[in-house]
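Engineer: Here's a sequence, model it:
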Amino acid sequence: MDLIRNQFFIGFCINFILIYVFCKIPLMTKSGWMSAGILGTILWGCLFWQGWLSVVIYLLFGSLVTKIGFKFKKEQGIAEKRGGKRGPENVWGSAATGLFLAFMTKLNSANIVMFKVGFAASFAAKLADTFGSEIGKRFGKDTYLITSLKKVKRGTEGGISLEGTLASVLGSIFMAFIMLLLSIISTESQFIIVAVSGFLATLSESVIGAKFQNKYKLSNELVNAIQTSIASVFAIFALVLYSHFLN
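Structural biologist: The predicted structure is shown next:
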């Protein structure tokens, strides 16, 4: 228990110092930085520096890819608001599922591998979504509605392009590799499960966007939370199946 408390305290100190130093960088709003600090502190306490660093890398690459072709996307009226800065709603919409699973690693250590795989898949899905959306909006030549394959305008909810889809695959693989490198996941099979689950959840998010987002006025943050939850469920289910057949 003392070790856990110490890790949360260490996480708080490190996040406070880093945010104080880097908060002038236009990656997040002021409240976004505060939310990131809270998130980072909890992640450090639950998954130590590896879990914290994995999400820092996700936030960094997600923010950077948003800046690609930003002028063009702004002219088209499809750029992220606030110049691409992440606010608290972006932080929690993207990380709520992962944060819950990080907590579960402390509450139920018997299933820690399962929860870590779900954690990794949630962020693989989110980075895949960000890569696909931002690259697709800038470089996608043709955009099609995923449910009907009808050609639509760039930035349409549920719209996909070949370029954006390939970027989604890259984003999911990259995030799965980071999770493997940081030992959040530890085997080749877990890497494949995380990467595939992240990409499939991104396709599912496009279906939700096409069929339900405007109809039920779902916020982007809620859709993000649903997407990351789908990725985690996919990954955990696949891991359980794989373990069952392996044994």
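Engineer: C-alpha from now on. contacts and neighbour counts both.
Structural biologist: OK.
Engineer: Could I have the CA atoms of the helix or strand of the chain with the lowest mean pLDDT written out in CSV?
Structural biologist: Least confident helix or strand, the chain: helix 70-75 with a mean of 72, by mean pLDDT, DSSP states H and E. Provided in CSV are the C-alpha atoms of helix 70-75 (Å, rounded to 0.1, in the frame of the first residue of the first chain):
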residue,chain,number,x,y,z
PHE,A,70,-4.2,22.2,-40.8
LYS,A,71,-4.4,25.3,-43.0
PHE,A,72,-6.0,23.2,-45.7
LYS,A,73,-8.4,21.6,-43.3
LYS,A,74,-9.3,25.0,-41.8
GLU,A,75,-10.1,26.4,-45.3
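Engineer: can you map out the helices along the protein?
Structural biologist: With DSSP state H as the criterion, the chain has helices at 2-22, 30-67, 70-75, 88-107, 112-139, 162-181, 188-208, 220-246.
Engineer: Now tabulate these in a markdown table and tack on mean neighbour count and distance to Ile146.
Structural biologist: Shown next, in a markdown table, are those (neighbours: other Cα atoms under 10 Å; distance: least, Cα to Cα, whole Å):
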| stretch | mean neighbour count | distance to Ile146 |
| --- | --- | --- |
| helix 2-22 | 15 | 39 |
| helix 30-67 | 20 | 22 |
| helix 70-75 | 14 | 21 |
| helix 88-107 | 19 | 22 |
| helix 112-139 | 28 | 13 |
| helix 162-181 | 23 | 11 |
| helix 188-208 | 24 | 6 |
| helix 220-246 | 19 | 16 |
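Engineer: shaky segments in the chain?
Structural biologist: 1-5, 75-84, 247 (pLDDT under 70).
Engineer: Residue nearest the middle of it, spatially speaking?
Structural biologist: Lys126 (2.6 Å; Cα atoms, centre = their mean).
Engineer: From Val65, how far off is the nearest residue to Phe48 once chain neighbours are set aside?
Structural biologist: Distances taken as Cα to Cα, 6 or more residues apart in numbering put Gln7 closest to Phe48, at 6.9 Å, once the chain neighbours are dropped. Distance of Gln7 to Val65, given as Cα to Cα, to the nearest Å: 31 Å.
Engineer: just Leu18 next, same as before
Structural biologist: Applying Cα to Cα to Leu18 and Val65 gives a distance of 22 Å.
Engineer: same thing with Gly37?
Structural biologist: For Gly37, the distance to Val65 - Cα to Cα - is 22 Å.
Engineer: Tell me who's in contact with the residue nearest to the centre of the chain.
Structural biologist: 94, 198, 202, 224, 227-228 (Cα atoms under 8 Å, 6 or more residues apart in numbering).
Engineer: Just put the residues you listed in JSON lines and tack on distance to Lys85.
Structural biologist: Shown next, in JSON lines, are the contacts of Lys126 (distance: Cα to Cα, whole Å):
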{"residue": "Ser94", "distance to Lys85": "14"}
{"residue": "Gly198", "distance to Lys85": "24"}
{"residue": "Thr202", "distance to Lys85": "22"}
{"residue": "Asn224", "distance to Lys85": "17"}
{"residue": "Gln227", "distance to Lys85": "21"}
{"residue": "Thr228", "distance to Lys85": "21"}
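Engineer: with those residues in mind, which one is nearest to Phe119?
Structural biologist: Thr228 (8.9 Å; Cα to Cα).
Engineer: quick one: contacts for the closest residue to the closest one other than its chain neighbours?
Structural biologist: In space, and not counting its chain neighbours, Thr228 is closest to Ser122: 4.4 Å by Cα to Cα, 6+ apart. When contacts are counted by Cα under 8 Å, 6+ apart, Ser122 is found next to 95, 97-98, 198, 227-232.
Engineer: tell me which of those residues is nearest to Asn220?
Structural biologist: Gln227 (10.3 Å).
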